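Asks: sequence and computational prediction follow.
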Amino acid sequence: MGTTAETWHKTACILCAVNCGLEVQTEGRRIVKIRGDEAHPASQGYVCEKSQRMDYYQNGADRLDSPMRRRADGSYEPISWDTAVREIAEKFKAIKSQYGGESILYYGGGGQGNHLGGAYADGFLKALGNQYRSNALAQEKTGEFWVQGRMLGTGVHGDYEHCEVAVFIGKNPWQSHGFARARVLLREIEKDPKRSLIVIDPRRSETAAMADHHLAIRPGTDAWCLAALAGILVQENLVAHAWLEQHASGYAEIAPALNAIPIAEFAATCGIEESVLRQVARRIAGARSVSVYEDLGMQMSVHSTLGSYLQRLLWLLTGHYGRPGTSNAIVPLLSLSKASKGETGASSKPVKRVEKRSPVANAKIIIGLIPCNVIPEEILSDHPKRYRAMLVHSGNPVHSLADSQRMREAIRALELSVVVDVAMTETAREADYVLPACSQFEKAEATFFNLEFPRNVFHLRQPLFEPLPGTLPEAEIYARLVEAMGELSERDYAPLKRALRLGRTAFALAFFAQVARKPKTMKYAPLILYRVLGPTLPKGMDSAAALWGVAQLYVQGNRRAAARAGFGGLPPFAGEKLFRAILSGASGVVYADSEHADSWRAVSHPDHRINLHVPEMLAELEKLAREPLPQDRDYPYVLSAGERRSDTSNTAVRDTAWHRRGRYGTLRISPQDAAALGCADGETLRLSTRRASVEVVAEVTPMMQPGHISLPNGQGLDYRGSDGRIARRGVAPNELTDGRQRDFLAGTPWHKHVPARLERIATEISA
Ligand SMILES: Nc1nc2c(c(=O)[nH]1)N[C@H]1C(S)=C(S)[C@@H](COP(=O)(O)OP(=O)(O)OC[C@H]3O[C@@H](n4cnc5c(=O)[nH]c(N)nc54)[C@H](O)[C@@H]3O)O[C@H]1N2
Ligand SMILES: Nc1nc2c(c(=O)[nH]1)N[C@H]1C(S)=C(S)[C@@H](COP(=O)(O)OP(=O)(O)OC[C@H]3O[C@@H](n4cnc5c(=O)[nH]c(N)nc54)[C@H](O)[C@@H]3O)O[C@H]1N2
Ligand code: SF4
Ligand SMILES: [Mo]
């Protein structure tokens, strides 16, 4: 801001959870030059090619610049902020008094790089008495979180920099990353003859192509493959008994089930030779260190929660935890699972949940989230407890969640729907009100996806631009809404403002005294901090105010890791020191410095022992020998709907012009299947599922095995270009998916396992 074109400004890439540090040059409101930031403690200058596309997000033609209200005919009219805030506050209030706060559903909270806004949304949700939430984690990670809670009770992350053996299950880090400097680390493992890369993926992904062992299983058979591997460990006596004796409980209870696994039969089911499985199990057992990453290929397929359990057995039975090169407990600045439960910002008191299950579908609530897949069922019902209203914040459920058609219908059936976004998304097009947020480069922003060990990094980005006229930062939007509801006013701020004039120590004392006196100070802490502290922060940084509270809570809850990182001492001073470091650390701050012993302290079971025995999972394991993989005769292909490619980033970038080379949005298909269909590379095919039928361009590639086809994620968006016309390129994957196809426990979708059919269309061949 206010600098010459040559100045390099620090920021970060927002296209995946890694959020690599960037240095950029700007011209007017454009980002024109981009390079990696060498000073960023985690990414160290690394970037992938997607980082170069930041301006397509910042200057997308369908960015919003005014609050919008839906007319009866489905078109939108711009309205003023005052009108929007007044009407939205009134309508939510009316719904709350008629049906209770439990009738209001919240979806979202942030994308890959913007989590500060969610802390402020939390205040508004508390004012509404909101009880039910969901976000993208509840369509991928909730099964894993549930298993992790039962086994370890802490979040963990692998050490791919130092592990001797890296295992990727349904994960293609070459394209999707998931840890810092992924391509560099993958190459290092590939080159080192003493280290091994094991990939479980039906497809020869870029990562699989580098692997020492690529287990190209039949789609959807991870559970059989992993059960066989765990069975071999026990049956060949490769288990680290002494280690388990010292660190784990429950082995005796699970050993009989693992001993009973019919290895040859399971090997045949997953399509991998038994001898290869034995070799891989021995490699894992014999390694000095192993780190395992599971992702969507398994999490969005059949038996996903069981798979999360079985893969953990592989490294726990062999003693790979709490050492260099293995998984370790990460120390979050703010736990996303706590945040999902409504424990954001400086408020440590969880909101009391009325029930642990969703009101209509009776679905399990994990980390405070209802499964994404049940949202339409919760709305499209005549159940008295159905949801009547929804607030969507930085999420695009119509495009991203299973069964777009039903999601659209559900949103239209609500009495009130409000979307807070930067762009006119597929979801915004169905909402009663759309509120324009300023972009992630127009306010202070940050991610809470902090997954480094031992030195964990938090990066507060400073804005590159003034807000686009007509837009507001989320903190301001939610503060206005809560004030319009009459929940907060100058009376709550004034005493704290007076204390702050004497300095932040006086402020801290006044703040904690007010918390003790007035419980709502805690309830609305992020918004109060924004109103009181925000205006005193450097220009454009007012949205960072809630981090003062986050920093205070963090140093209290994680004294050791904080002190080692230089933030020790009495809490208000240590918290203040960390807050200052965050504000001024343009390339990010190491806020936690952990030791491997901390990974054991973090195991939250009696005596810090890992628990191997999860009865629900043993019951599922038992079914594998009896129940074959579901198959649909009329839809013989397995479609993986949502592959990560070089030109996908969920829906953060909507303008397809960011795609530079090669074809866009193709359906990948094996040469064998193409030959059987008589279809040429580049030919347009009809792809049908039980939900929909679309046209796709075939890309014939040996990456795919026969019977398996794959479409990219985040494409087929309705993008309104600068000429005002809406263009759609590629296929919106969730037009094809079915919300009822989901995990028995976590309700996570089977997007990677959609039964499909392919037909040739006459003889047309597209270029
Ligand atoms: N370029 C890019 N990177 C991204 C994103 C993006 O949109 N674009 N999104 C980010 C997000 S939100 C996430 S969650 C991650 C996801 O990251 P990943 O999970 O790595 O991404 P996917 O390509 O969806 O799925 C990974 C692999 O699963 C395989 N697969 C399909 N079916 C099966 C199966 O039955 N079993 C097994 N074992 N594998 C199977 C696919 O062939 C694919 O190679 O990526 C993040 N990074
Ligand atoms: N079939 C199928 N479906 C999938 C997947 C798949 O593999 N297959 N992958 C799934 C996965 S893993 C994920 S994580 C989800 C992601 O799906 P969503 O949770 O819907 O996430 P995004 O598409 O990234 O949506 C983020 C939204 O935030 C908006 N936004 C960007 N910046 C800001 C900001 O500063 N403020 C506000 N308020 N909004 C902003 C963007 O415009 C966008 O609409 O998609 C899922 N959907
Ligand atoms: S997409 Fe992910 S890995 Fe690539 S530059 Fe951006 S943050 Fe880094
Ligand atoms: Mo995701």
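Replies: Right, received. Where do you want to start? Numbering: from 1, shown residues only. Ligands and ions are numbered 1, 2, ... in the order given.
Asks: so where's the longest strand in this structure?
Replies: Within the chain, and with DSSP state E defining each element, the longest strand by residue count is strand 754-765.
Asks: just for the protein, where's the confidence low?
Replies: Across the chain, residues meeting the criterion (pLDDT under 70) sit at 1-5, 343-355, 763-767.
Asks: stretch 377-387: how far from the chain's middle?
Replies: Distance of stretch 377-387 from its chain centroid, counting by C-alpha atoms, centre = their mean, to the nearest Å, is 27 Å.
Asks: what comes into contact with the longest strand of the chain?
Replies: Contacts made with strand 754-765 from outside it, assessed by C-beta atoms under 8 Å, 6 or more residues apart in numbering, are listed as 631-632, 634-641, 669, 673, 677-680, 682-690, 695, 709, 736-738, 741. Glycine gets a C-beta too; all of them are placed from N, C-alpha and C.
Asks: which ones among these lie within strands?
Replies: Judged by DSSP E, the contacts of strand 754-765 include 637-641, 669, 683-688, 695, 709 as members of strands.
Asks: got a list of what the most centrally placed residue in the chain touches?
Replies: For the chain, the residue nearest the mean C-alpha position is residue 137 (5.1 Å; C-alpha atoms, centre = their mean). Taking C-beta under 8 Å, 6+ apart as the definition of contact, the neighbours of residue 137 are 145, 336, 340, 367, 369.
Asks: let's have those in a markdown table, adding neighbour count.
Replies: Rendered in a markdown table, the data for the contacts of residue 137 read as follows (neighbours: other C-beta atoms under 10 Å):
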| residue | neighbour count |
| --- | --- |
| 145 | 22 |
| 336 | 23 |
| 340 | 24 |
| 367 | 20 |
| 369 | 29 |
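Asks: tell me the one among those nearest to ligand 3.
Replies: residue 336 (17.2 Å; C-beta to the nearest ligand atom).
Asks: check contacts around the closest residue to the closest one other than its chain neighbours.
Replies: Counting by C-beta to C-beta, 6 or more residues apart in numbering, residue 448 is the residue found nearest to residue 336 once chain neighbours are left out, at 5.5 Å. With contacts defined as C-beta under 8 Å, 6+ apart, the neighbours of residue 448 are 110, 115, 332-336, 339.
Asks: next, residue 448: secondary structure please.
Replies: At residue 448 the chain is in coil, as set by DSSP: H, G, I helix; E, B strand; the rest coil.
Asks: return the distance of the residue nearest to the centre of the chain relative to residue 46.
Replies: The span separating residue 137 from residue 46 equals 25 Å under the rule C-beta to C-beta, to the nearest Å.
Asks: same question for residue 746.
Replies: Computed as C-beta to C-beta, the residue 746 to residue 46 distance reads 33 Å.
Asks: and the longest helix for this protein?
Replies: Longest helix of the chain, by residue count under DSSP state H: helix 81-99.
Asks: quick check: which helices or strands does that one pack against?
Replies: The elements that helix 81-99 packs onto, with contact taken as 3 or more C-beta pairs under 8 Å, 6 or more residues apart in numbering; DSSP states H and E, are strand 68-70, strand 104-108, strand 389-393, strand 416-421, strand 433-436, helix 474-484.
Asks: and the contacts of the helix or strand following the fifth one?
Replies: The C-terminal neighbour of strand 433-436 among helices and strands, as given by DSSP states H and E, is strand 455-458. Counting by C-beta under 8 Å, 6+ apart, strand 455-458 makes contact with 40-42, 330-333, 446, 450, 561, 565, 582, 588-594, all of which sit outside it.
Asks: related to what we said a few turns ago, report the inter-axis angle for the longest helix of the chain versus strand 416-421.
Replies: Angle, helix 81-99 to strand 416-421, by axes from the mean of the first three to the mean of the last three C-alpha atoms, to 10 degrees: 140 degrees.
Asks: who in this protein is up against ligand 3?
Replies: Where the chain comes near ligand 3, counting by C-beta under 6 Å from any ligand atom, the residues are 13, 15-16, 18-20, 47-48, 50-51, 177.
Asks: nearest to ligand 1, of those residues?
Replies: residue 16 (4.0 Å).
Asks: from memory the closest one sits against residue 111, does it?
Replies: No: using C-beta atoms under 8 Å as the test, residue 16 is too far from residue 111 to be in contact (9.9 Å).
Asks: near ligand 2, which of the contacts of strand 754-765 show up?
Replies: Restricting the contacts of strand 754-765 to those touching ligand 2 (C-beta under 6 Å from any ligand atom) yields 641, 737.
Asks: just the buried ones out of the contacts of strand 754-765, please.
Replies: Members of these that pass the buried threshold by neighbour count (16 or more other C-beta atoms under 10 Å) are listed as 635, 637-641, 669, 673, 677, 679, 683-685, 687-690, 709, 736-738, 741.
Asks: find the nearest non-adjacent residue to the closest residue to ligand 2 within the chain, please.
Replies: Here the chain gets closest to ligand 2 at one residue, residue 642, 2.2 Å apart by C-beta to the nearest ligand atom. Sequence neighbours aside, residue 713 is the residue nearest to residue 642 in space, at 3.6 Å (criterion: C-beta to C-beta, 6+ apart).
Asks: list the contacts for the one you found?
Replies: Applying C-beta under 8 Å, 6+ apart, we find residue 713 in contact with 641-644, 648, 650, 733.
Asks: with residue 18 instead?
Replies: By C-beta under 8 Å, 6+ apart, the contact list for residue 18 reads 42-43, 177-180, 182, 449.
Asks: okay if I get those as a markdown table plus distance to residue 419?
Replies: Formatted as a markdown table, the contacts of residue 18 follow (distance: C-beta to C-beta, whole Å):
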| residue | distance to residue 419 |
| --- | --- |
| 42 | 32 |
| 43 | 31 |
| 177 | 28 |
| 178 | 28 |
| 179 | 32 |
| 180 | 32 |
| 182 | 32 |
| 449 | 23 |
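Asks: biggest separation within these, which pair?
Replies: In terms of C-beta to C-beta, the contacts of residue 18 reach their longest pairwise distance at 182 and 449, which sit 14.1 Å apart.
Asks: higher neighbour count, the two?
Replies: Looking at residue 182 and residue 449 with other C-beta atoms under 10 Å, you find the greater number of neighbours at residue 182, namely 21 against 16.
Asks: residue in the stretch 551-700 of the chain with the shortest distance to ligand 3?
Replies: residue 649 (6.6 Å).
Asks: phi, psi of that residue?
Replies: Summarising the backbone geometry of residue 649 under the convention degrees, to the nearest 10, its torsions are phi -160, psi 70.
Asks: and the one 3 residues further on, by the same measure?
Replies: Recorded main-chain torsions at residue 652 are phi -70, psi -40, according to degrees, to the nearest 10.
Asks: report the contact partners of it.
Replies: 14-15, 57, 111-112.
Asks: of the residues you listed, closest to ligand 3?
Replies: Closest approach between the contacts of residue 652 and ligand 3, by C-beta to the nearest ligand atom: residue 15, at 3.9 Å.
Asks: that closest one belongs to a strand?
Replies: No: according to three-state DSSP, residue 15 belongs to no strand; its state is coil.
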